[in-house]
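Enquirer: mind looking at a prediction? Sequence and model below.
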Amino acid sequence: MRKVVQAVRMIFWVVRQKAIGPGCRTAENQFLAFAHVPNTDGAGTAGGQGKEHAMAKLYGKDLQLMAARARLLAVDAVYTAASGHPGGSLSCMDIMTALYFNELNIDPSNPRWEDRDRFVLSKGHCTPALYSVLALRGFFPTEDLKLFRSIKGHMSGHPDMQYVPGVDMSTGSLGQGLSTAVGMALAAKLRNKSHRCYAVCGDGEMEEGQIWEAVMAAAKWHLDNLCVFVDVNGLQIDGRTADVMPTEPLDKKFDAFNWNVIKIDGHDYEQILSALDSARNFKGKPTVILAATVKGKGVSFMENQAGWHGKAPNDEQFAKAKAELEETIKELEGN
């Protein structure tokens, strides 16, 4: 029986490799990416330690426009898959856009560059946000998003570092992603590396005990190369976080754990970029940025509605969401 199971697993693996095409990573390269060990074909040498990869940073309305395009891609991906998590993806989209188009030192042509900044989406169900931003940043074609959550594609409902270029850590079970980000930041310190580590968590995720173990460890090791956003949209799958399991005051809790605490409007790019600049220059402590956001931001009927946590729009709803986002894009392109 064991041999049968092994054979079935092997067949499934081969089929999946063929389905996702030649762009997938080999098992050896998957290990190298996880271990952050440069391979020997020269692909891991896109810059020396501390060297920044050239990127035209976006600001102001250019960031707003990119976020609007990402929101449209995200909603389209969920609609096409008839499955996914639009609410939390839309609430953190401005944060994700600021990170990938202004802050992170990365190279889309070489996702495994050893000295790149690391990013962990701890609220792993919000891949529509991550995948849309990665596509727009050039890690893979936007057309790939049409196969979101499809066996024919390489994009599962949660981040998959084995198959999706640009994903630094596979996540899903809430509360665990932050621990991996802490590990990455500590590893960078131990190896005298200058790259930084970032994570995005949900406010409902703050109910997980493992979060606070990671918070405690990060402070103990003075991980000032770690910056964590908490997407404080006030809602989770079962309703208001204040009703399900109150976690506030988050600022006082993180302060008590000896973190540098910054509170911002998570949709205001000046505040987001200013907070990132402050975090980058703060020494001796990890930084948490508590970003007040709106669940479903950008689509009127999804905003502040817990029901859109994990529901795909129907034909009529998608048409309305698409029209709203296209109008936003048109307005931003005209300014």
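Expert: Thanks, I have it. Residues are numbered from 1 along each chain as shown.
Enquirer: can you pull the contacts of the nearest residue to residue 236 once chain neighbours are set aside?
Expert: Nearest residue to residue 236, sequence neighbours excluded (CB to CB, 6 or more residues apart in numbering): residue 204, at 3.2 Å. All C-beta spots, glycine's among them, are computed from the backbone N, C-alpha and C. The neighbourhood of residue 204, defined by CB atoms under 8 Å, 6 or more residues apart in numbering, consists of 174, 235, 236, 237, 241, 244.
Enquirer: which residues does the fifth one contact?
Expert: Contacts here follow CB under 8 Å, 6+ apart; on that basis residue 241 touches 203, 204, 206, 207, 234, 235, 247.
Enquirer: closest one of those to residue 286?
Expert: Nearest to residue 286 among those, counting by CB to CB, is residue 206 at 15.3 Å.
Enquirer: distance of that closest one relative to residue 244?
Expert: Using CB to CB, to the nearest Å, one obtains 11 Å as the distance from residue 206 to residue 244.
Enquirer: more neighbours: the two, which one.
Expert: Legend: neighbour count by other CB atoms under 10 Å for residue 206 and residue 244, higher for residue 206 (24 against 15).
Enquirer: rewinding a little: keep only those of the contacts of residue 204 that are in helices.
Expert: The members of these that map onto helices under DSSP state H are 241, 244.
Enquirer: by pLDDT, rank the contacts of residue 204 and give me the bottom one.
Expert: Within the contacts of residue 204, pLDDT reaches its minimum at residue 237, with 85.
Enquirer: the closest residue in space to that residue that isn't next to it in sequence - how many residues pack around it?
Expert: In space, and not counting its chain neighbours, residue 237 is closest to residue 309: 4.6 Å by CB to CB, 6+ apart. Residue 309 has 22 neighbours, counted by other CB under 10 Å.
Enquirer: what's the answer for residue 252, then?
Expert: 10.
Enquirer: how is this structure partitioned into domains?
Expert: 1-32, 61-334 (automatic domain parsing).
Enquirer: pLDDT on the shortest one, on average?
Expert: Yep, that's domain 1-32 we're talking about. For domain 1-32, mean pLDDT rounds to 37.
Enquirer: with stretch 96-106 instead?
Expert: Here the average pLDDT along stretch 96-106 is 98.
Enquirer: what's the answer for stretch 253-268, then?
Expert: Rounded mean pLDDT across stretch 253-268 is 98.
Enquirer: could you number the chain from 477 rather than 1 from now on?
Expert: In the new numbering, first residue 477, that becomes stretch 729-744.
Enquirer: contacting residues around it?
Expert: Here stretch 729-744 makes contact (CB under 8 Å, 6+ apart) with 567-568, 570-571, 688, 691-692, 694-695, 700, 705, 707-708, 723, 727, 747-748, 750-751, 754-755, 758, 761-770, 773.
Enquirer: sorry, back to before: among the contacts of residue 717, which ones are in strands?
Expert: residue 711 (DSSP state E).
Enquirer: ok, so of the contacts of residue 717, who is nearest residue 781?
Expert: residue 711 (7.8 Å).
Enquirer: ok, the closest one - contacts?
Expert: The contact partners of residue 711, by CB under 8 Å, 6+ apart, come to 563, 680, 717, 771, 780, 781, 782, 785.
Enquirer: save these as TSV, and put in secondary structure and distance to residue 639 too.
Expert: Compiled in TSV, these are given as follows (DSSP: H, G, I helix; E, B strand; the rest coil; distance: CB to CB, whole Å):
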residue	secondary structure	distance to residue 639
563	helix	25
680	helix	27
717	helix	32
771	coil	28
780	coil	34
781	coil	32
782	helix	31
785	coil	25
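Enquirer: run through the bridge partners of the residue nearest the centre of the chain.
Expert: Residue closest to the average C-alpha location in the chain (CA atoms, centre = their mean): residue 597, at 3.7 Å. Applying DSSP bridges to residue 597 gives these bridge partners: residue 676.
Enquirer: which one of the contacts of residue 680 is nearest residue 622?
Expert: Using CB to CB, residue 713 comes nearest to residue 622 of the contacts of residue 680, at 26.1 Å.
Enquirer: thanks again, I'm all set now.
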